[in-house]
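Engineer: I need the structure of the sequence given here:
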Amino acid sequence: MGRHSLPDQYGAGGSDPRPRARRRTVAVATVLVLAVAGGTAGAVKSGLLSFGSSCQDDPVRLKLAASPDIAPALTAAAKQARRSDITSDGRCLAVTVTARDSYKVADAIAAGKKPDAQLWVPDSALWIDRITADNGPIDVTPVGAVASTPIGVAMVPTAAKSLGWPKQTYSWVDLVGAAMQDTSLKLGAADPARSATALLALTQLSTAAAGIKGGDTRAAAMMKTLAQRTSDSDGQVVDTLPRDSSGTELGNPKRNQALVLSEQAAYAYNSSAAGGVDMFYPKDGSPRLDYPFATVDELTTDESRAALRFVNYLRQPAQLRLLQKYGFRTSDEEAPEAVVAGAGGSSPQPYTEPTPQPASDAALQETLGTWTITVQSARLTTVVDASSSMAEPVPGTGQSRMDVTKGSLLQALATFTPDDEIGLWDFSTKLDGAKDYRILVPTERLGDQRGSGTQRDRLSAAFNALQPVPHGATGLYDTTLAAYKAATSSYAKGKFNALVILTDGVNQDPGSISRSELITRLQKLTDPARPVPLIMIAVGPDADRQEAEQIAEATGGSAQSVSNPSQIQSVMLKAIVSAGSKGDD
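Structural biologist: Below you'll find the predicted structure:
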C-alpha cells in the first residue's frame with residue numbers, strides 16, 4: 001500500500017491548536033453566533049425564522065454531502081422538514097442529501113475543488129481539521145455536532161463467546177491482542193488513511209500501548225497483522241463478515257469474524273442482517289465519531305439562514321429520536337439502551353464509559369505515519385553474521401546465538417506479506433573466494449513461485465540452514481559496503497527499501513577497508529531521493545554499538561543493540577518504523 005497524506009497538517013501547541021477557517025461575511029458570522037448563542041429560540045426571536053403557510057413555490061435549495069452512515073437519517077429528516085413545511089424567512093427548506101465518503105470530500109476540498117454541496121456532515125471533525133489547518137482557498141466552517149457514536153470491536157457471536165462476551169472486559173491492547181492470538185478469529189478494519197473509525201481506534205490502541213514496556217513494537221506488530229485484513233473504506237469492511245452462521249462461511253479464510261467498528265455501524269448491520277454481531281466496548285474508553293455540521297465555501301444570506309434553520313431543526317426532540325432510530329447517540333452523557341442493544345452491546349460491557357480525551361493532532365499524525373510505514377510493501381536484504389562466535393551459547397536457553405537468531409528471523413518473516421521483497425546474505429571471512437559474504441537467497445517477492453515453492457519457502461529453508469563458520473572471523477566492513485551497493489542499485493520505487501545487518505562482533509578482517517573509508521563511501525552512495533537506510537543490529541556483549549551507530553547513520557539509518565538474539569524481531573520492527581518516519585519528514 002502506498003503512502004497517504006491523511007491527516008498530515010495538524011497544528012501543535014496551545015489549548016486549541018487547530019486553525020479555524022477564514023472570516024466570512026457579516027451575514028454568515030451573525031448566523032453562526034445565533035446558532036451557538038441562541039439556538040432555535042434566539043433565531044425565532046430575532047425574526048430569522050418564519051413559519052408562513054405558503055412556502056412551496058420558491059424553496060431555499062441546499063445540497064448536503066453526508067457521510068454514508070448518517071446520510072439515511074439526514075435524508076429522512078430533510079424529507080420530514082419538507083412535509084412539515086419548515087421554513088426560513090417564509091420559504092420552505094429543500095435539502096437534498098447525498099452520501100459521500102468523508103475522505104473523498106476532504107481530499108477534494110484540500111485540492112481546491114469545490115464540492116457540489118453547500119453543507120457537509122463528515123463522520124469526524126478530524127477531516128475538517130485537516131482542511132482548516134491548510135488554510136486553503138475553500139472555507140469550511142463547522143457549526144456544531146449532529147450526533148455521535150463510540151468505536152469498539154464487533155464480533156460474530158461464536159467469536160465473542162470464545163472471548164467471554166459479555167462478562168469479560170478488555171483494554172484496547174488486550175482485546176486486539178486476544179483477537180489476533182486466536183488463529184481462527186480474523187480481525188479486520190478499514191484503511192485508517194480513509195477511515196476515521198480505524199484511525200481513531202488505532203490511535204487509542206497506540207496511546208494505550210505506549211504505557212506498556214515494549215508497547216510501541218507490540219502496537220506496530222498488531223498494525224502489521226491487521227493490515228493484511230484491511231478494507232479500502234468503511235463501506236466495504238462490513239461486507240467482510242460471514243454471510244451466515246454456517247461452518248462454511250465462518251471458516252472462510254476471506255471472511256472476518258471481528259471488525260473495528262462504530263456502534264452505529266454495528267446497529268445498522270444488526271438491523272439488516274440475519275445473524276448479527278456482539279459488541280465489545282474497551283474498558284479504557286471508546287473514541288467517538290462526532291459528525292460535525294459544516295458550511296462549505298461562501299453561502300448567500302438566504303442559504304446561510306436556511307442552513308441554520310436546518311441545524312436547529314435537527315436538534316428538536318423529534319429529530320433526535322429519529323437519529324437514535326438510526327443507531328446514533330445524541331448526547332455525550334447518555335447511552336440509549338435501545339441503541340446499545342441494537343448494536344450488540346450488553347452489560348457489563350462498559351458502553352457508558354466516558355469518552356477518552358480526543359486524540360491530539362500529533363498522536364493522530366504519529367499513528368498514521370506508523371501505520372503507513374509498517375504496512376507499506378518493503379524491500380529488505382538481511383545480512384547475517386556467520387562468524388564462529390555465533391556458536392557461543394545464549395545463557396539460559398540451551399541454544400547458540402545462531403540458533404536463537406534463526407528463530408527470531410523466522411518469526412519476523414511471518415509478519416511480512418507476499419508483496420514484500422526479502423533476501424538473505426551471510427558473512428564471515430573469505431566465504432566465497434576472496435569475498436567475505438555469500439548471497440544465499442536473492443531479494444525477491446515472498447509470493448513469487450519458483451519450482452515447487454515460493455520465495456518465502458526458500459527463505460525459511462535458508463534461515464534454518466544458517467550455521468556458524470568454524471574459525472570464521474567477522475568481515476563486517478567489506479560486507480557492509482557490498483551489500484549497501486547492491487541494495488541501492490536495486491532500489492524499488494514505491495516500497496520501503498532498507499538493508500538489515502546483524503552482527504555479534506567487530507570487524508576482524510585486517511585486509512578490509514577502514515571504518516572511516518566505509519563511512520565515506522556509504523555517504524556517497526546515499527541518495528535522499530532513493531533512501532535505503534541501513535539498520536544495523538548489534539547482538540550480544542561483543543558487538544560495538546557505537547561503531548554500529550556511526551556506520552548506520554551515514555545512510556540515514558539507525559543502530560540497535562540486543563543482549564539476546566530473541567529480541568531481534570522486535571528491534572527490527574522498531575528500527576523499520578523509525579527509519580520510515582524519518583523518510584516521511
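Engineer: in the stretch 101-250 of the chain, where is pLDDT below threshold?
Structural biologist: Along the stretch 101-250 of the chain, the parts satisfying pLDDT under 70 run over 134, 214, 216-217.
Engineer: now do the helices in it.
Structural biologist: 102-110, 125-134, 157-162, 172-181, 196-209, 215-227, 234-237, 247-250 (DSSP state H, counting those that start in this stretch).
Engineer: out of those, which gets nearest to Val383?
Structural biologist: helix 215-227 (21.7 Å; CB to CB). From N, CA and C alone the C-beta is placed, and that goes for glycine too.
Engineer: now do the SS call for the closest residue to Lys493 other than its chain neighbours.
Structural biologist: Nearest non-adjacent residue to Lys493, counting by CB to CB, 6 or more residues apart in numbering: Arg530, 7.8 Å away. With DSSP: H, G, I helix; E, B strand; the rest coil as the basis, Arg530 sits in coil.
Engineer: next: Val260.
Structural biologist: Reduced to three states by three-state DSSP, Val260 is strand.
Engineer: measure Lys63 to Gln80 for me?
Structural biologist: Distance of Lys63 to Gln80, given as CB to CB, to the nearest Å: 18 Å.
Engineer: make that Leu93, sorry
Structural biologist: Relative to Gln80, and taking CB to CB, Leu93 is found at 10 Å.
Engineer: comparing these two, which shows the higher neighbour count?
Structural biologist: Using other CB atoms under 10 Å, the more surrounded residue of Leu93 and Gln80 is Leu93, with 22 against 14.
Engineer: quick one: the more buried one is in a strand?
Structural biologist: Yes. Per three-state DSSP, Leu93 lies within a strand segment.
Engineer: what's the distance between it and Gln118?
Structural biologist: 12 Å.
Engineer: now swap in Thr330 and tell me
Structural biologist: Distance from Thr330 to Gln118, by CB to CB: 24 Å.
Engineer: residues in contact with the residue nearest the centre of the chain?
Structural biologist: Geometric centre of the chain, nearest residue: Pro192, 3.8 Å, by CA atoms, centre = their mean. Neighbouring residues of Pro192 by CB atoms under 8 Å, 6 or more residues apart in numbering: Ala198, Leu199, Leu202, Thr367, Leu368, Trp371.
Engineer: out of those residues, who's nearest Gly447?
Structural biologist: Of all the contacts of Pro192, Gly447 sits closest to Trp371, with 21.9 Å by CB to CB.
Engineer: and that closest one, how many residues sit next to it?
Structural biologist: Neighbour tally, Trp371, other CB under 10 Å: 28.
Engineer: same question, the one 5 residues further on
Structural biologist: In terms of burial, Gln376 registers 20 neighbours under the definition other CB under 10 Å.
Engineer: also Asp58?
Structural biologist: 11.
Engineer: next one: the one 4 residues further on
Structural biologist: Look at Leu62: counted by other CB under 10 Å, it has 23 neighbours.
Engineer: first vs last residue of stretch 353-369, how far apart are they?
Structural biologist: Distance across stretch 353-369, first residue to last, is 29 Å (CA to CA, to the nearest Å).
Engineer: then stretch 281-297?
Structural biologist: Note: stretch 281-297 ends 38 Å apart using CA to CA.
Engineer: how about stretch 383-391?
Structural biologist: 17 Å.
Engineer: related to what we said a few turns ago, nearest to Ala268, of the contacts of Pro192?
Structural biologist: Ala198 (17.1 Å).
Engineer: with adjacent residues omitted, what lies nearest to that closest one?
Structural biologist: Going by CB to CB, 6+ apart, Ala198 has Pro192 as its nearest residue, at 4.0 Å.
Engineer: what about Gln455, how many neighbours?
Structural biologist: 22.
Engineer: quick one: it from Ser271, how far?
Structural biologist: Remark: distance between Gln455 and Ser271 (CB to CB) = 46 Å.
Engineer: kindly report the same for Lys213.
Structural biologist: Lys213 sits 43 Å away from Ser271, going by CB to CB.
Engineer: looking at the two now, which is surrounded by more residues?
Structural biologist: Ser271 (13 against 7).
Engineer: return the set of residues that bridge with the residue nearest to Thr503 when sequence neighbours are not counted.
Structural biologist: Spatially, and ignoring its direct neighbours in sequence, Thr503 is nearest to Asp385 (4.2 Å; CB to CB, 6+ apart). Under DSSP bridges, the beta-bridge partners of Asp385 are Phe427.
Engineer: before we move on, what about Gln399?
Structural biologist: Beta bridges link Gln399 to Val394 when assigned by DSSP bridges.
Engineer: ok, which of the helices of the stretch 101-250 of the chain comes nearest Ser460?
Structural biologist: helix 215-227 (18.2 Å).
Engineer: counting contacts, what elements does that closest one pack onto?
Structural biologist: With contacts defined as 3 or more CB pairs under 8 Å, 6 or more residues apart in numbering; DSSP states H and E, helix 215-227 has these neighbours: helix 172-181, strand 187-190, helix 196-209, helix 361-375, helix 568-584.
Engineer: can I get these in a markdown table including distance to Val539?
Structural biologist: Shown next, in a markdown table, are those (distance: least, CB to CB, whole Å):
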| stretch | distance to Val539 |
| --- | --- |
| helix 172-181 | 27 |
| strand 187-190 | 33 |
| helix 196-209 | 25 |
| helix 361-375 | 23 |
| helix 568-584 | 7 |
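Engineer: nearest to Leu481, of those?
Structural biologist: That would be, of the helices and strands packed on helix 215-227 and by CB to CB, helix 568-584, which comes in at 19.3 Å.
Engineer: export stretch 434-445 as PDB, just CAs?
Structural biologist: Provided in PDB are the C-alpha atoms of stretch 434-445 (Å, rounded to 0.1, in the frame of the first residue of the first chain):
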ATOM      1  CA  ALA A 434      38.300 -13.600  -1.500                       C
ATOM      2  CA  LYS A 435      34.800 -12.300  -0.700                       C
ATOM      3  CA  ASP A 436      33.700 -12.200   3.000                       C
ATOM      4  CA  TYR A 437      30.000 -12.700   2.000                       C
ATOM      5  CA  ARG A 438      27.600 -15.000   0.200                       C
ATOM      6  CA  ILE A 439      24.200 -14.300  -1.400                       C
ATOM      7  CA  LEU A 440      22.200 -17.200  -0.200                       C
ATOM      8  CA  VAL A 441      18.700 -16.100  -1.400                       C
ATOM      9  CA  PRO A 442      18.400 -13.100  -3.800                       C
ATOM     10  CA  THR A 443      16.000 -10.400  -2.800                       C
ATOM     11  CA  GLU A 444      12.600 -11.100  -4.400                       C
ATOM     12  CA  ARG A 445       8.900 -11.100  -3.700                       C
END
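Engineer: state the mean pLDDT of that stretch.
Structural biologist: For stretch 434-445, mean pLDDT rounds to 96.
Engineer: which residues belonging to that stretch are considered buried?
Structural biologist: By neighbour count with 16 or more other CB atoms under 10 Å, stretch 434-445 contains the buried residues Asp436, Tyr437, Ile439, Leu440, Val441, Thr443, Glu444, Arg445.
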